[in-house]
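In: The sequence and its predicted three-dimensional model are supplied below.
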Amino acid sequence: MKITMLSMAILLAAFVAGCGEPADLRTEVITAKTMVCGSCAKNVEKAVYAVEGVKSVAVDLEAKNVTVKYLSTNTNLETIELAIADAGYDANGRKRDPAAYEKLDACCKLD
Ligand SMILES: [Cu+2]
């Protein structure tokens with residue numbers, strides 16, 4: 001009976017550990033200073049969610065950053081930065097794509 005209880009406890013512990021976040025889940029906070037409004041937030045969210053392996057995207061317009069959770073076996077920070085830049089926004093040190101910026105709504109332009 002003692003052995004059964006012990007093995008049950010081990011099984012339960014293994015089960016709980018297995019239910020945690022995947023080992024390759026990474027969280028990065030990307031600075032995107034050129035976001036100005038809610039449309040920008042939606043544009044960036046859409047662009048980042050389109051990257052395979054991205055699990056969650058949270059835009060903070062006041063802090064001007066984007067918190068991204070992604071699987072490092074599927075993608076990487078550089079790819080996510082590129083997706084944001086291709087949507088028309090600066091991402092960390094990466095400059096926005098000028099053509100994409102030109103296509104943004106007027107409310108999303110900086111001046
Ligand atoms: Cu905007």
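Out: In hand now; what should we look at?

In: Residue numbers of this protein in contact with the ion?
Out: Val36, Cys37, Ser39, Cys40, Cys108 (Cβ under 5 Å from the ion). Where C-beta positions appear, they are placed from N, C-alpha and C, glycine not excepted.

In: Now for the last one: which residues touch it?
Out: Looking back up the chat, that one is Cys108. By Cβ atoms under 8 Å, 6 or more residues apart in numbering, the residues touching Cys108 are Val36, Cys37, Ser39, Cys40, Asn43, Gly88.

In: Local confidence estimate at it?
Out: Note on Cys108: pLDDT of 96.

In: how close does it sit to Gly20?
Out: Separation of Cys108 from Gly20 (Cβ to Cβ, to the nearest Å) stands at 38 Å.

In: same deal with the second one?
Out: Plainly put, Cys37 is 37 Å away from Gly20 if you go by Cβ to Cβ.

In: sorry, back to before: how about the residues of the chain next to the ion, which pair is most distant?
Out: Val36 and Ser39 (8.5 Å; Cβ to Cβ).

In: Give me the common contacts of these two.
Out: Residues touching both Val36 and Ser39 (Cβ under 8 Å, 6+ apart): Cys107, Cys108.

In: hang on, the earlier thing: more neighbours: which of Cys37 and Gly20?
Out: Ranked by neighbour count (other Cβ atoms under 10 Å), Cys37 and Gly20 place Cys37 first, with 13 against 8.
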